[in-house]
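Trainee: Generate a structure from the sequence data that follows.
(one chain, ligands or ions: 1)
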Amino acid sequence: MTAHVLIAGAGIGGLGAALALAKIGIKVTVLEQTDVFGEVGAGVQISPNAYKVLSGWGLGDALLQTANFPEALQVRSATSDKLLGQLQLGSQAHTRYGFPFATLLRADLHTLLLNALRQEVNVDLYLHAKITDIAETKQQLGRQVTVTTELGDTFTADALIGADGLWSSVRQQMLEHSAPHATGHTAWRALLPMADVPPELQQDTVTAWLDADRHIIAYPVQQGKSLNLVDCCENTANNKKKSLQTTYSLNSLLSKTLQNVFHLAAQKKAWTRWDLFDRPPLRSSSQMANPTHPRIALLGDAAHPMLPYLAQGAAMALEDAQALALSIQQNPNDLASALQLYAQTRWQRNARVQARAARNGQIFHAKPPVSWARDAAMGMLGEKILDMPWLYGGI
Ligand SMILES: Cc1cc2nc3c(=O)[nH]c(=O)nc-3n(C[C@H](O)[C@H](O)[C@H](O)COP(=O)(O)OP(=O)(O)OC[C@H]3O[C@@H](n4cnc5c(N)ncnc54)[C@H](O)[C@@H]3O)c2cc1C
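Mentor: Prediction:
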């Protein structure tokens, strides 16, 4: 009999998991609480490790039609615009890792996954299906999981994957009653028409501008039609004012280029606020799949939310999804063992990425004199510091 898996959440992680499982012949039911399928936020960087996963699911051609392929990752000073370090991407990343480094509109990535899923048999997608209750039952053929939605519908399957994001109710109900950690950092995001932004920013690069307690990221999406701009601020007393964004003069220490693009974003009322939460790095596999709940596992932000300073949250969710499918393939008749294997395969890499993302925040937001040492090291070592073969090489 075909195994049947319920997936809570239709974000990038949930849809990725559904696709990976459908491709190995598992029956999948995805339950999403909202009433439309979609992604909030603007852009997403897809590093070679994540591209490899998407490509393995047959999405390579579709990515070529929608993504941007930046030539370089540049790190600059936010005040002087001086180039501090650079990592070549483009064909060099492709050669080094076998897959390119891409940037996309989140909605485009989501649509790509959804379209691929709709071509799979044995996949049911439900909107307006907020999971409110979870029960594990012992059936003749093994343990099963039943979930109830807010509307009172019930769904029973052989396993449940909690891909329900930062505020995961699967996590809260089954594994851990604790809230994510409010980091006190805020990301302000804006999507701007490329034709309107200062010419210096109309480039095929991912650029990070560093400042004390703050960094700014920009990259093209929609095949160069739009610029994705993100201003990540620590909410120190000073930055609370800075983060209002509309006050042009408070950004007066930034370079002219940044001042101009911030002015444009304010004029267009393009900024949206996103307060950032994380959790400490995973400490064991049982935080992804607890053996006391043998038919339940967590995936993506539900398991390992992180600061976006390594641009890897979605990438790790996609890697999780692929690892989940591989683990089930290796244990086709024993889902409980498959979920344990999945968690064992994934927890250390996810923990390392969570820790590195937090550390990047400290490095990016350093104040003098630490920032002087950082800038000097970046000037001397450049690519060696910015390249991460352990990460980009993938699973
Ligand atoms: C500013 C910023 C920039 C980022 N940039 C990058 C980047 O460049 N590259 C990268 O890889 N990552 C990036 N990330 C991280 C990335 O966005 C997330 O890690 C990723 O989207 C997590 O996906 P997910 O599917 O696990 O969770 P989510 O996207 O949160 O999806 C969870 C889904 O579950 C649904 N849900 C919740 N509760 C229930 C319930 N009870 N029942 C049913 N459905 C439910 C939600 O509605 C949602 O659709 C960034 C994050 C931020 C904040």
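Trainee: can you map out the strands along the stretch 51-200 of the chain?
Mentor: Counting by DSSP state E, counting those that start in this stretch, the segments of the stretch 51-200 of the chain that form strands are 72-77, 83-88, 102-105, 123-126, 131-139, 142-149, 154-157, 159-162, 181-193.
Trainee: between those, which one is nearest to K384?
Mentor: Proximity to K384, assessed across these by Cβ to Cβ, is greatest for strand 83-88 (9.4 Å). To be clear about C-beta, it is placed using only N, CA and C from the backbone, and glycine gets the same treatment.
Trainee: quick one: contacts for S77?
Mentor: Contacts for S77 (Cβ atoms under 8 Å, 6 or more residues apart in numbering) come out as L84, W209, L210, D211, S255, D375.
Trainee: Export only the CA atoms of stretch 156-165, formatted as CSV.
Mentor: Output of stretch 156-165 as CSV, limited to C-alpha atoms (Å, rounded to 0.1, in the frame of the first residue of the first chain):
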residue,chain,number,x,y,z
THR,A,156,-5.4,10.7,8.7
ALA,A,157,-2.1,9.5,7.3
ASP,A,158,0.9,7.5,8.1
ALA,A,159,3.1,10.5,9.1
LEU,A,160,2.9,14.3,9.6
ILE,A,161,5.6,16.7,8.5
GLY,A,162,5.4,20.0,10.3
ALA,A,163,6.6,22.5,7.7
ASP,A,164,4.4,25.2,9.3
GLY,A,165,7.1,27.8,9.8
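Trainee: That one vs the ligand: in contact?
Mentor: Yes: Stretch 156-165 reaches the ligand (Cβ under 6 Å from any ligand atom) through A163, D164, G165.
Trainee: can you list contacts of that stretch?
Mentor: Residues outside stretch 156-165 that contact it (Cβ under 8 Å, 6+ apart): 3-9, 11, 13-14, 17, 27, 29, 33, 131, 134, 137, 142, 144-147, 168-171, 174, 295-303, 317, 324, 335, 339.
Trainee: I'd like to know which of the residues you listed are buried.
Mentor: Buried subset of the contacts of stretch 156-165 (neighbour count, 16 or more other Cβ atoms under 10 Å): 3-9, 11, 13-14, 17, 27, 29, 33, 131, 134, 144-145, 147, 168-171, 174, 295-303, 317, 324, 335, 339.
Trainee: Return the subset of these lying in helices.
Mentor: Counting by DSSP state H, the buried ones among the contacts of stretch 156-165 place G13, G14, A17, S169, V170, A317, L324, L335, L339 in helices.
Trainee: May I have the predicted confidence score for the residue positioned nearest the centre of the chain?
Mentor: In the chain, the residue lying closest to the centroid (Cα atoms, centre = their mean) is A314, at 2.3 Å. A314 is assigned 98 on the pLDDT scale.
Trainee: Same check on the one 3 residues further on?
Mentor: Among the per-residue scores, A317 shows a pLDDT of 98.
Trainee: Contact distance from the ligand - what residues of the stretch 51-200 of the chain qualify?
Mentor: Proximity of the stretch 51-200 of the chain to the ligand is confined to A129, K130, I131, A163, D164, G165, L166, S169, A187, R189 under the rule Cβ under 6 Å from any ligand atom.
Trainee: switch to 5 Å and redo it
Mentor: Residues of the stretch 51-200 of the chain lying close to the ligand (Cβ under 5 Å from any ligand atom) are K130, I131, D164, G165, S169, A187.
Trainee: how close does the fourth one sit to A315?
Mentor: Put plainly, it is G165. Distance, G165 to A315, using Cβ to Cβ, to the nearest Å: 16 Å.
Trainee: These two - which one has more neighbours?
Mentor: Higher neighbour count among G165 and A315: A315, with 26 against 22, using other Cβ atoms under 10 Å.
Trainee: Please tell me how far the more buried one sits from the ligand.
Mentor: Remark: distance between A315 and the ligand (Cβ to the nearest ligand atom, to the nearest Å) = 4 Å.
Trainee: And the host helix or strand of that residue, how far out from the chain middle?
Mentor: Using DSSP states H and E, the element containing A315 is helix 313-330. Centroid separation between helix 313-330 and its chain, computed with Cα atoms, centre = their mean, to the nearest Å, is 14 Å.
Trainee: And for stretch 25-38?
Mentor: 18 Å.
Trainee: Next: stretch 29-45.
Mentor: Worked out by Cα atoms, centre = their mean, stretch 29-45 lies 12 Å from the chain centre.
Trainee: Could you number the chain from 40 rather than 1 from now on?
Mentor: Renumbered: residue one is now 40, and that last one reads stretch 68-84.
Trainee: how many neighbours does P319 have?
Mentor: P319, neighbours per other Cβ under 10 Å, totals 12.
Trainee: Look up the closest residue to the closest residue to the ligand within the stretch 140-289 of the chain, ignoring the ones flanking it.
Mentor: Residue of the stretch 140-289 of the chain nearest the ligand, by Cβ to the nearest ligand atom: G204 (2.6 Å). Leaving out its chain neighbours, the residue that sits closest to G204 by Cβ to Cβ, 6 or more residues apart in numbering is D340, at 4.8 Å.
Trainee: same thing with A342?
Mentor: Nearest residue to A342, sequence neighbours excluded (Cβ to Cβ, 6+ apart): M327, at 4.9 Å.
Trainee: gap between the one you found and Q379?
Mentor: Relative to Q379, M327 is positioned 9 Å away (Cβ to Cβ).
Trainee: again with A360
Mentor: To Q379, A360 is 17 Å away according to Cβ to Cβ.
Trainee: Many thanks, we can stop here.
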